[in-house]
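>>> build me a model from this:
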Amino acid sequence: MKASIYIFVAVFTLAVFSCEQDTIEPVTEDITGLWRYVYGVDDELLSPADDLYPVAYIRFDPNGKLQGYTSRNWITGDYSYDSPESISFSNLSSTYVADTYWSGNYHSALLGINMVGLDKNQLTLINSNLEQSLQYILVENCLLAKNNHSLFESGESDPFKILQVKQIEECLEVIISYAGGCKSVQLDLIGSGDYAESEPPQLMVRLILDDDDSCEALVTKRFYFNVEALQYSGSSSLILNMNDYEEPVWITYDE
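Predicted coordinates:
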C-alpha cells in the first residue's frame, strides 16, 4: 500500500512539474516601432553649431529589419532580439556623409548594442562594452496637420517659443517651451493653403497653442505632426515657413 502511495505522489508531482514547464515561455517585450534618441551620448561633445537636440532615431520593423539616422548618416541592417539580455545587429551598412564629433560617437555606441531595457514608451539600448546606454522615446500618435486658410488667419494662440523643428521620417517633430505645468495643452499645426510655386513649393504655416493653464513653470515638450495634408500635389518636397521660427523647414515625402 505504501509503495502505491509513493508511486502516486511521484507521478502527480511529475505531472504538475511538466505542466508548469509547458506553460513557461520566454517573454520578449515588443521593441518594434520608431524610436527617437533623447539622451546618452555626452552632451558636451556637441559644438555650438549643432542642433539643440540632435535628431537621431532608429526603427525596428517586425521582420527583423532596422533603419536609423545618426544626425548625419543613414544606417540599415538586420537585428535579432531574443530577450532583454540579448540583442544583436548584423549586415549593417551606412551612408558616408562627413560625421560631426557627436554623430561619430553616437554611431560607435550604437554599433555595439547588446542589451535592451523597455519601460512603456521609453527604450534603452545598452552597449555594455563602452558602458553606455542610449535612451529613446517612442514616436507615435502623430497629430494631423491642417491646411485651412481661415484658421491660419484667425486662430488665436497662447505664448510659446519654438526651440526646434525637424522631420523624423513620416512625422514632423516640434519642440516648444511655454509657461504651464499643471494641465495638458494642445498644439495645432495649420497651413495657409496658399503655396508659393517655387522649386520646391513653399507654404506658410502657423503653430497655435491652447494653454489653459495658470501655472508658470517653464515646460519643454515635444509634439509630432503628420504633414501629409500639407503636401503640394505632384511634388515630393515642401518648404515650410513657420511663424516665429527663423529657419525654413524642408519636408520630403515618399514618392
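>>> helix or strand for Leu189, which one?
strand 186-196 (DSSP states H and E).
>>> buried residues in the following helix or strand past that strand?
Note on strand 186-196: by DSSP H and E, the next helix or strand toward the C-terminus is strand 202-210. Applying a neighbour-count criterion of 16 or more other CB atoms under 10 Å, one finds Gln202, Leu203, Met204, Val205, Arg206, Leu207, Ile208, Leu209 buried in strand 202-210. C-beta here means a position set from N, CA and C on the backbone, and glycine is covered the same way.
>>> now do the helices in the stretch 1-150 of the chain.
Assigned by DSSP state H, counting those that start in this stretch, the stretch 1-150 of the chain shows helices spanning 2-23, 101-111, 149-154.
>>> now the angle from the strand holding Leu189 to strand 202-210?
With axes from the mean of the first three to the mean of the last three CA atoms, to 10 degrees defining the directions, strand 186-196 sits at 160 degrees from strand 202-210.
>>> buried residues in strand 186-196, which are they?
Judged by neighbour count (16+ other CB under 10 Å), strand 186-196 contains these buried residues: Leu187, Asp188, Leu189, Ile190, Gly191, Ser192, Gly193, Tyr195.
>>> out of the residues you listed, who's nearest Ser90?
Leu189 (38.6 Å; CB to CB).
>>> residues contacting the closest residue in space to that closest one that isn't next to it in sequence?
Spatial nearest neighbour of Leu189, excluding adjacent residues (CB to CB, 6 or more residues apart in numbering): Ala145 at 4.1 Å. Going by CB atoms under 8 Å, 6 or more residues apart in numbering, Ala145 touches Leu172, Leu189, Ile190, Gly191, Val205, Phe225, Asn226, Val227, Glu228, Ala229, Leu230.
>>> try it again at 6 Å.
Neighbour list for Ala145: Leu189, Phe225, Val227, Ala229, Leu230 [criterion: CB atoms under 6 Å, 6 or more residues apart in numbering].
>>> now secondary structure, pLDDT and distance to Gly33 too, for those residues, in TSV please.
Putting those into TSV (DSSP: H, G, I helix; E, B strand; the rest coil; pLDDT from 0 to 100; distance: CB to CB, whole Å) gives the following:
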residue	secondary structure	pLDDT	distance to Gly33
Leu189	strand	97	22
Phe225	strand	97	18
Val227	coil	95	19
Ala229	helix	94	23
Leu230	helix	96	24
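>>> need the buried ones from the residues you listed selected in PyMOL.
In PyMOL, the members of the contacts of Ala145 classed as buried (16+ other CB under 10 Å) are selected with the following command:
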select buried, resi 189+225+227+230
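>>> can you put the contacts of Ala145 in CSV and add distance to Lys166?
Putting the contacts of Ala145 into CSV (distance: CB to CB, whole Å) gives the following:
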residue, distance to Lys166
Leu189, 14
Phe225, 12
Val227, 12
Ala229, 19
Leu230, 16
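>>> good, we can wrap up now.
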